[in-house]
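*Asks:* fold the following and give me the result.
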Amino acid sequence: MSEVPDVHRCAERPIIATVTAPGRQEVAGDTETGSAVPRSDFIRQSLMNRYVWESRRRMPAGLLICFAMAAMAVGAGIPYWQALLWLGLVLLGNGVRFAAERKCSRSLLEASAQTRTEYLKRFAPIYPFVATVWGCSTLLFFGRTSSLHQFASWFLVARMLYAPMPTFSLIPIIFRLYASFFFVSTLLCISYLVWGDSSRTALLWVIPVGLAQLILTLRVSRDTHRAQAEQYGLIFDLAAQKHAADDKVKSKNRSFAAAAHDMRQPVIALSLYAEHLESHPESHVEVGPKIARASAAVSKLFNSLFDLAHFDTCEVKLSVEPVRISEVIAGLVETQKQEAEAAGIELRVRVKDALLQTDPTRLRRMIANVISNSIRYSKPGTKILLASRVHRGKLRVEVWDQGIGIAPANLPHVFSEFYRVESSASLAPEGMGIGLSMVARLADALNTKITITSVEGRGTRVTMDISDVDPDAARRRH
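*Replies:* Okay, the predicted model is just below:
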């Protein structure tokens, strides 16, 4: 195609970037929080912080129970060395655990969730050790003390299993290790104490009951972890939505200020032209076209803002009717050619006709916005090509320009509301950044796929694939 502007030809292999317009829901807002932390990492980090804080908060109560268990054993007649040996082991395990969690909360405060989790995993064996020591506490009282003492001891054992469950469940691997070794060591000790004693063999029924309790405990722990993760996920989502809403409000405020500035100029011009005509009626031939251009600028700005408001409130109703693309493009060329010539840009057209079943007003507005965008960001002396053809059962409308192009890093954001590339401000300082956002919304309403391919410093091609092509168009042509 000889008339296609030289967008992609260059000797040094340019970087060609492509982006496709998102659907309506995706255009409506961005949920990024502005932080580099992904959602999954935020959840893991929050669970880790909560675990360390809760574990350290519960540590004094746990140590008090350890001393209470040892004191009760001694008071019930258990030899001192047995009670002190058990107490020493449990204090050793808790001391190592406390030191590891303290380092995790201080030295690794700024580390990622993955790093902190890996650090704690290196100390994971200490949790089965503490659980095993507590499971073996049954050797201090089971069948060796009074029923009242055994009841009080079982209460403390249960307290050391179930009280830490909400905390340990925040890191599933820790609670699985802790609970499994706790139950297994307890049941093994009970089996050791009653095995071979026919008078107490009936007590072995606690083994299947204990295993069932272990399964139930692990399920409750899993549900607790899921609920906590969902809670932090909701916190992340709410923060992300608040950040996106704040950014959108700030962008709209800036853009409405820009719109007021843009509107002020043609309105002032209209006022001056009116005063001039009042004083010099004979100059209407000269002033009339200027008034028309100023009125068109104001009308175009109002149309963009009204369309944006309608899409935001979902008050968009299409008036579908048969439309010939050749007639649409002819009308656009008539109105856009003056704008292009005023900017020193040559507008070329190559049209292959097709019949569409669509809304002609919004179709014109969609294509016109793309053409205006190309004119706005092209330098004098360049060319723009507007072409149409039927491609794979769809009508393809393309706008090629030799403008400043779009950097690959900026391309994914061009369909966002009020987004403007900083490097484009020198060419079009008056823009509000809603042109391509409106194109994406119109395309979504008109069943059209928008694709932008750009080379920075070389130019841009906007492709509109319109699906509503009348298959019997050839038989209806005049």
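
*Asks:* just checking, what packs against whatever helix or strand residue 247 lives in?
*Replies:* Taking DSSP states H and E as the definition, residue 247 sits inside helix 206-279. Helix 206-279 makes packing contacts with helix 39-75, helix 165-168, helix 172-194, helix 284-312 when contacts are defined by 3 or more C-beta pairs under 8 Å, 6 or more residues apart in numbering; DSSP states H and E. No exception for glycine: its C-beta is placed from N, CA and C like everyone else's.

*Asks:* for those helices, which one sits closest to residue 366?
*Replies:* The minimum distance between residue 366 and the helices and strands packed on helix 206-279 falls on helix 284-312, with 10.1 Å, by C-beta to C-beta.

*Asks:* averaged over its residues, what pLDDT does that closest one have?
*Replies:* Along helix 284-312, the predicted local confidence has a mean pLDDT of 72.

*Asks:* same question, stretch 189-198
*Replies:* pLDDT averaged over stretch 189-198 equals 80, rounded to a whole number.

*Asks:* can you give me the buried ones in it?
*Replies:* Of the residues in stretch 189-198, 189, 190, 193, 194 count as buried by neighbour count, 16 or more other C-beta atoms under 10 Å.

*Asks:* which of the three states applies to residue 407?
*Replies:* Using DSSP: H, G, I helix; E, B strand; the rest coil, the structure places residue 407 in coil.

*Asks:* confidence score at it?
*Replies:* As predicted, residue 407 sits at a pLDDT of 83.

*Asks:* what's the answer for residue 178, then?
*Replies:* For residue 178, the pLDDT comes out at 91.

*Asks:* I'd say it and residue 132 touch.
*Replies:* No. Using C-beta atoms under 8 Å, residue 178 and residue 132 do not qualify as a contacting pair, with a distance of 9.8 Å.

*Asks:* more neighbours, these two?
*Replies:* Between residue 178 and residue 132, residue 178 has the larger neighbour count (other C-beta atoms under 10 Å), namely 26 against 20.

*Asks:* could you list the single helix or strand in the protein with the lowest mean pLDDT?
*Replies:* Every helix and strand of the chain was ranked by mean pLDDT, DSSP states H and E. The lowest is helix 24-28, at a mean of 39.

*Asks:* now, the most widely separated pair of the buried residues of stretch 189-198?
*Replies:* Using C-beta to C-beta, the two most remote members of the buried residues of stretch 189-198 are 189 and 194, lying 9.9 Å apart.

*Asks:* once you drop chain neighbours, what's closest to residue 390?
*Replies:* What sits nearest to residue 390 in space, not counting adjacent residues and going by C-beta to C-beta, 6 or more residues apart in numbering, is residue 354, at 5.3 Å.

*Asks:* distance of that neighbour from residue 397?
*Replies:* Residue 354 sits at a distance of 10 Å from residue 397 (criterion: C-beta to C-beta, to the nearest Å).

*Asks:* shared neighbours, the two?
*Replies:* 325, 388 (C-beta atoms under 8 Å, 6 or more residues apart in numbering).

*Asks:* backbone phi and psi for residue 400, please?
*Replies:* Phi and psi for residue 400, reported as degrees, to the nearest 10, are phi -110, psi 140.

*Asks:* so it makes contact with residue 387?
*Replies:* Yes. Using C-beta under 8 Å, residue 400 and residue 387 qualify as a contacting pair, with a distance of 7.5 Å.

*Asks:* out of those two, which sits in the more crowded spot?
*Replies:* Higher neighbour count among residue 400 and residue 387: residue 400, with 25 against 18, using other C-beta under 10 Å.

*Asks:* mind pulling the model confidence for that one?
*Replies:* Reading off the confidence values, residue 400 has pLDDT 94.

*Asks:* residue 466 too?
*Replies:* Per-residue confidence for residue 466 comes out at a pLDDT of 90.

*Asks:* could you give the bridge partners of it?
*Replies:* With beta bridges defined as DSSP bridges, residue 466 has these partners: residue 395, residue 448.

*Asks:* for residue 365, the count of nearby residues, please.
*Replies:* The number of residues packed around residue 365, counting by other C-beta under 10 Å, is 20.

*Asks:* repeat that for residue 414.
*Replies:* A count of nearby residues for residue 414, using other C-beta under 10 Å, gives 22.

*Asks:* these two touch, right, it and residue 436?
*Replies:* Yes. Residue 414 is within contact range of residue 436, at 5.0 Å (criterion: C-beta under 8 Å).

*Asks:* and for those two, which residues touch both?
*Replies:* With C-beta under 8 Å, 6+ apart, residue 414 and residue 436 have common neighbours residue 452.

*Asks:* and residue 348, what element?
*Replies:* Residue 348 is part of strand 346-351, with elements assigned from DSSP H and E.

*Asks:* now the next helix or strand after that strand: average pLDDT?
*Replies:* Toward the C-terminus, strand 346-351 is succeeded by strand 355-358 as the next helix or strand (DSSP H and E). On average, the pLDDT along strand 355-358 is 90.
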